[in-house]
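**Q** here you go, sequence then predicted model.
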Amino acid sequence: MIYTIIFLLALGLSLASRFWLNQRQIKYVHNNREKVPAEFSEKISLEAHQKAADYTVAKAKMSRWTMFYDGLILLGWTLGGGIEAVSSWINNYGFSSLTTGTLIILVVILISAILHLPVSIYSTFVIEKRFGFNKTTVKTFITDLIKGGLLGLLIGTPIIVLILWLMQASGQFWWLYAWAAWMAFGLLISWAFPTFIAPIFNKFSPLKDEKLRDEIQSLLDRSGFKSNGIFVMDGSRRSGHGNAYFTGLGKNKRIVFFDTLLETLSAKQMLAVLAHELGHFKHKHVLKGLLVGAITSLAGFAVLAWLLPQENIYHQLGVNTPSLATGLILFALVSPLFTWFFQPLSAWWSRKHEFEADAFARQQTSGDDLAHALINLYRDNASTLTPDPLYSRFYASHPPALERIEQLKASQ
């Protein structure tokens with residue numbers, strides 16, 4: 001029963017820690033709701049500050065229930081016999097081991113998606129609507145579900161088949177070949193995303209403002225960044241949130257602005273936001289992320305290879321008929337309970353990159369323009385200005401607003 005005990009302890013510790021951090025965030029944001037921090041009082045109204053606080057608390061309360069719901073689903077798949085039930089059902093059809101394994105994984109993914117659908121619906125049509133961000137119609141929501149499902153099936157099935165085949169056919173070092181295939185697949189998706197995948201869900205139009213486009217091109221030339229175009233995405237079809245990003249690999253890179261962003265930021269502020277994004281490129285943050293991802297995924301495949309032959313783990317986690325497919329599913333479902341505790345390290349590393357990108361943007365444009373743009377984004381996206389410090393250190397991939405603005409001002 002040792003593996004059952006370890007699993008339950010990890011689940012309990014994870015839930016307790018996340019609940020405690022979540023409660024800290026709710027309390028801290030609520031307690032700072034009635035006053036705008038002095039550094040933002042001239043730019044952020046009390047009404048906007050309170051909206052951000054209420055929005056943050058609403059999402060945190062929903063997250064509190066979601067984490068326990070996810071925990072129940074995990075128990076259902078494992079100790080509750082869900083994986084075993086799907087495995088037994090598919091095995092009754094007598095398909096080949098490769099086909100059987102693929103179907104087991106696809107069915108578990110499908111059922112999991114259905115089980116998480118209520119969370120997505122509530123988030124989109126209740127919370128986002130309550131705070132004026134949701135622009136998604138029921139038709140668009142359903143269409144996105146269908147497109148996402150078909151795309152996931154089209155893209156996911158080949159890699160599942162390939163991984164299972166490599167596990168069966170390539171001997172004791174299958175995990176090295178599977179890891180190489182996984183990395184190649186990830187690079188292929190990153191390359192294909194801007195041109196072939198993203199347009200399935202959104203419309204991308206070339207930026208029409210010639211003056212802004214010329215200024216952007218000048219910034220790109222100074223930064224040594226070559227793109228395949230500057231595009232505006234119809235983000236307002238689904239949400240009132242604004243953002244900007246660059247995506248793709250090699251010559252297939254694109255710069256993308258949400259149309260909502262064009263409505264709220266000045267040209268100089270847009271350039272500052274873009275310069276920040278280019279800072280990630282200049283400091284090779286994407287490449288560093290790929291390297292860290294490669295190392296961690298290699299470690300993951302190595303651990304999986306060590307765990308797969310140990311039938312006691314299957315039996316003590318609710319799977320009576322061990323197989324490569326059920327081993328993969330168990331690993332995918334259970335491993336986050338143990339890797340979750342590395343989240344603060346990942347968040348710290350991401351925040352470090354954000355500061356570096358801010359510094360690059362300040363060199364290329366203006367720190368004041370970037371600060372004003374960030375304040376506008378915090379306001380328009382209802383991002384809280386007063387997150388709980390510990391919660392922020394644990395989770396936040398971006399520095400808190402006050403730290404970020406103070407860093408920009410200190411470097412003027």
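**A** Everything's here; your move.
**Q** and the worst-scoring helix or strand of the chain on mean pLDDT, what's buried?
**A** Taking mean pLDDT, DSSP states H and E as the measure, the chain has strand 244-247 as its least confident helix or strand, at a mean of 76. Of the residues in strand 244-247, A244, F246, T247 count as buried by neighbour count, 16 or more other Cβ atoms under 10 Å. To be clear about C-beta, it is placed using only N, CA and C from the backbone, and glycine gets the same treatment.
**Q** same check, this time on stretch 25-40
**A** Q25, I26, Y28, V29, N32, R33, V36, F40.
**Q** could you dump those into CSV with pLDDT added?
**A** As requested, the buried residues of stretch 25-40 are exported to CSV (pLDDT from 0 to 100):
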residue, pLDDT
Q25, 97
I26, 97
Y28, 97
V29, 96
N32, 95
R33, 94
V36, 93
F40, 90
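**Q** wait, which of the buried residues of strand 244-247 is closest to L390?
**A** Closest approach to L390 among these (Cβ to Cβ): A244, at 29.7 Å.
**Q** could you say which helix or strand holds T296?
**A** Per DSSP states H and E, T296 falls inside helix 285-307.
**Q** ok so, going back, in helices only, show me the buried residues of stretch 25-40.
**A** Judged by DSSP state H, the subset of the buried residues of stretch 25-40 located in helices is Q25, I26, Y28, V29.
**Q** could you pull out the helices for the stretch 51-200 of the chain?
**A** 82-91, 97-122, 128-130, 138-169, 174-192, 198-201 (DSSP state H, counting those that start in this stretch).
**Q** of those, flag the one that's most buried.
**A** Ranked by mean neighbour count under mean count of other Cβ atoms under 10 Å, the helices of the stretch 51-200 of the chain are led by helix 82-91, which reaches a mean of 19.
**Q** show me the shaky parts of the stretch 101-250 of the chain.
**A** 250 (pLDDT under 70).
**Q** give me the pLDDT for the residue lying farthest from the centre of the chain.
**A** Residue farthest from the centre of the chain, counting by Cα atoms, centre = their mean, is G94 at 37.8 Å. pLDDT recorded at G94 is 90.
**Q** backbone torsions only: list them for it.
**A** As for G94, its main-chain torsions (degrees, to the nearest 10) stand at phi 70, psi 30.
**Q** look up how far I109 lies from T157.
**A** Per Cβ to Cβ, to the nearest Å, T157 is found 10 Å from I109.
**Q** now swap in T264 and tell me
**A** 38 Å.
**Q** same check, this time on R33
**A** Distance from R33 to I109, by Cβ to Cβ: 40 Å.
**Q** same check on G81?
**A** Distance from G81 to I109, by Cβ to Cβ: 18 Å.
**Q** and Y314, by the same measure?
**A** Using Cβ to Cβ, Y314 is found at 19 Å from I109.
**Q** cool, F40 as well?
**A** In terms of Cβ to Cβ, F40 sits 43 Å off from I109.
**Q** give me the number of residues near the residue lying closest to W179 once chain neighbours are set aside?
**A** In this structure, W179 finds its nearest non-sequential neighbour in F301, 4.5 Å apart by Cβ to Cβ, 6 or more residues apart in numbering. The number of residues packed near F301 is 20, by other Cβ atoms under 10 Å.
**Q** hang on, F301 packs against A178?
**A** Yes - F301 lies in contact with A178 (Cβ atoms under 8 Å); the separation is 5.8 Å.
**Q** tell me the contacts of G242?
**A** G242 makes contacts with G235, F258, T260, L261, E263, T264, L265, L377, D380, N381, as judged by Cβ atoms under 8 Å, 6 or more residues apart in numbering.
**Q** quick check on it: phi, psi?
**A** According to degrees, to the nearest 10, G242 has phi -120, psi 150.
**Q** against T264, how distant is it?
**A** G242 is 6 Å from T264, by Cβ to Cβ.
**Q** now for these two: what residues contact both?
**A** Common contacts of G242 and T264 (Cβ under 8 Å, 6+ apart): L377, D380.
**Q** do you have the helices of the stretch 251-400 of the chain handy? List them.
**A** Using DSSP H, counting those that start in this stretch, helices in the stretch 251-400 of the chain cover 259-264, 267-282, 285-307, 311-316, 324-334, 336-339, 343-364, 367-380, 389-395.
**Q** the last one: which residues count as buried?
**A** Same thing as helix 389-395. Y391, S392, F394, Y395.
**Q** one more: the first one?
**A** Burial within helix 259-264, assessed by neighbour count using 16+ other Cβ under 10 Å, is assigned to D259, T260, L261, L262, T264.
**Q** just the terminal-to-terminal distance for stretch 36-46.
**A** Length of stretch 36-46, first residue to last, Cα to Cα, to the nearest Å: 6 Å.
**Q** so who does K288 touch?
**A** Counted by Cβ under 8 Å, 6+ apart, K288 has contacts H353.
**Q** pLDDT on stretch 326-338, on average?
**A** On average, stretch 326-338 scores 96.
**Q** contact partners of it?
**A** 7, 10-11, 14, 74, 77-78, 83-84, 87, 104-105, 108, 163-164, 300, 303-304, 307-308, 313-314, 317, 319.
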